[in-house]
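K.L.:
okay, predicted coordinates and the sequence, questions at the end:
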Amino acid sequence: MKAPTTVILLVFGFLLGILFTGVSVNLAAPRLLIKEAHSPYDFEKTVRVIRERIAASPNWHLVEVYDQNAEVTAHGGAPIGRMAIIKYCSGRYASDMLKADDRKQLAAMMPKGIAVYENSRGEVLIAMSNGLVMGKLFGGEVGRIVEEVSREVEQIMGFMNFKFSTF
């Protein structure tokens, strides 16, 4: 009689662990994967400073700055407020990442992007994928490249003491 009770408790504990892990990941994932921070500047100055800092970084270049509100409204959506998507790239890191066939699918996440936007309270925020967590998720050579990229992005965003973190 004891053996079936132990097995039932083990199975129940295992299933409870899976449920707890799933709920935890579901609650934590948005904060882990996307890093958001307040800008010390107004919207225009934040966009201008980021553009200038990307242009001044030796390994990086500006690809495009999109007025996301204009894109949304031009294609049938309702206005979303002030939002710029700054796309930037590094030929060196893109080459390191994409030269191997098994990593070419990562081009779907390129070029890198920084969202700058005003929320309904008039606060200016920036958001971008959390390179530290992404590097740990991928691991291996991809993780190493992403960690190098993350360090350089932190330097670009140094005007606002931006740091990637796992929490």
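P.N.:
Sure, I can see it. Residues are numbered from 1 along each chain as shown.
K.L.:
mind listing the helices for the chain?
P.N.:
2-33, 43-56, 68-74, 91-98, 131-138, 140-156 (DSSP state H).
K.L.:
tally of neighbours for the closest residue to Ile126 other than its chain neighbours?
P.N.:
Distances taken as CB to CB, 6 or more residues apart in numbering put Val116 closest to Ile126, at 5.3 Å, once the chain neighbours are dropped. Glycine gets a C-beta too; all of them are placed from N, C-alpha and C. By other CB atoms under 10 Å, 24 other residues sit near Val116.
K.L.:
contacts only, for Val116.
P.N.:
Ser39, Phe43, Thr46, Val47, Ile50, Met83, Ala84, Ile85, Ile86, Val124, Leu125, Ile126 (CB atoms under 8 Å, 6 or more residues apart in numbering).
K.L.:
go again with 10 Å.
P.N.:
39, 41, 43-44, 46-47, 49-50, 65, 68, 82-86, 124-128 (CB atoms under 10 Å, 6 or more residues apart in numbering).
K.L.:
whichever of those end up buried, select them in PyMOL.
P.N.:
In PyMOL syntax, the buried subset of the contacts of Val116 is picked out as below (16 or more other CB atoms under 10 Å):
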select buried, resi 39+41+43+46+47+49+50+65+68+82+83+84+85+86+124+125+126+127+128
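K.L.:
related to what we said a few turns ago, adding mean pLDDT and distance to Lys163, write the helices of the chain out as a markdown table.
P.N.:
Rendered in a markdown table, the data for the helices of the chain read as follows (pLDDT from 0 to 100; distance: least, CB to CB, whole Å):
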| stretch | mean pLDDT | distance to Lys163 |
| --- | --- | --- |
| helix 2-33 | 82 | 14 |
| helix 43-56 | 97 | 15 |
| helix 68-74 | 98 | 25 |
| helix 91-98 | 96 | 19 |
| helix 131-138 | 87 | 9 |
| helix 140-156 | 93 | 6 |
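K.L.:
okay, these in TSV with distance to Ser165 next?
P.N.:
TSV is the format used below for those (distance: least, CB to CB, whole Å):
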stretch	distance to Ser165
helix 2-33	9
helix 43-56	20
helix 68-74	26
helix 91-98	21
helix 131-138	6
helix 140-156	10
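K.L.:
mind checking which of these is nearest Gln105?
P.N.:
helix 91-98 (9.3 Å; CB to CB).
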